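Participant: next comes the sequence, and after it the predicted model I'd like to discuss.
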Amino acid sequence: MKSGGDTEWGKRVFSRGYSIIYADDCYVDHPARYSLAQLYNRVARVRGGTYYRLDKNKDAKYALMQLLTDLSCLRPPINYIMSQFFYFSTVELKNNRQKIQVFLVALFVHYAEVLEEIRLRLGGNPKR
């Protein structure tokens, strides 16, 4: 799978009647992204995995028209970003410069997801 393997695995576990338990000694490592290009590739990979898992049987042109009809995806998600902005302002961010950087990265991720969704619905191949 390009992305979403943990979700798929969890669904299989529950469908077979097993339970997942918390393990104190378990360690999961997610690599940091050091550039916008690396971040975009990650967003594109995750979006592609989600798209192909959920929308396999939809007609791509119809799905694109449906996406573009709901132009709210093109609006910046100000409420979400501002909630994160204020959350991080009370936790880890030290100054306004860092707060603005978090805001801009969140905005970048949002539009990267929208652009990748449009690209996939136009018949593009998922990123690896």
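Facilitator: Yes, it's here.
Participant: where in this protein is pLDDT low?
Facilitator: 1-2, 53-74, 76, 80-82, 84-91, 93, 128 (pLDDT under 70).
Participant: can you pull out the helices in it?
Facilitator: 5-15, 36-54, 60-69, 78-91, 96-121 (DSSP state H).
Participant: and the nearest residue to residue 44 once chain neighbours are set aside, how far is that from residue 45?
Facilitator: Leaving aside its sequence neighbours, residue 44 sits nearest to residue 127 (CB to CB, 6 or more residues apart in numbering; 3.9 Å). No exception for glycine: its C-beta is placed from N, CA and C like everyone else's. From residue 127 over to residue 45 the distance is 5 Å, taken as CB to CB, to the nearest Å.
Participant: likewise residue 31?
Facilitator: 12 Å.
Participant: separation between the nearest residue to residue 13 once chain neighbours are set aside and residue 4?
Facilitator: Of all residues not flanking residue 13 in the chain, residue 20 sits nearest, at 6.1 Å (CB to CB, 6+ apart). Look at residue 20 and residue 4: by CB to CB, they are 16 Å apart.
Participant: more crowded one of the two?
Facilitator: Under the criterion of other CB atoms under 10 Å, the comparison of residue 20 against residue 4 puts residue 4 first, with 17 against 9.
Participant: which non-adjacent residue is nearest the more buried one?
Facilitator: In space, residue 4 is closest to residue 49, 4.2 Å off (CB to CB, 6+ apart).
Participant: surely the one you found meets residue 6?
Facilitator: No: the criterion here is CB atoms under 8 Å, and residue 49 misses it with residue 6 at 10.6 Å.
Participant: report how many residues lie close to residue 92.
Facilitator: Applying other CB under 10 Å, we find 9 residues neighbouring residue 92.
Participant: please apply the same query to the one 5 residues further on.
Facilitator: Other residues near residue 97 number 9, with proximity taken as other CB under 10 Å.
Participant: the one 3 residues further on now?
Facilitator: Residues contacting residue 100 under the criterion other CB under 10 Å number 12.
Participant: kindly report the same for residue 113.
Facilitator: As a burial measure, residue 113 scores 17 neighbours (other CB under 10 Å).
Participant: on that earlier part again, of residue 49 and residue 6, which one has the most company?
Facilitator: Neighbours per residue (other CB under 10 Å) separate residue 49 from residue 6, with residue 49 holding more: 19 against 10.
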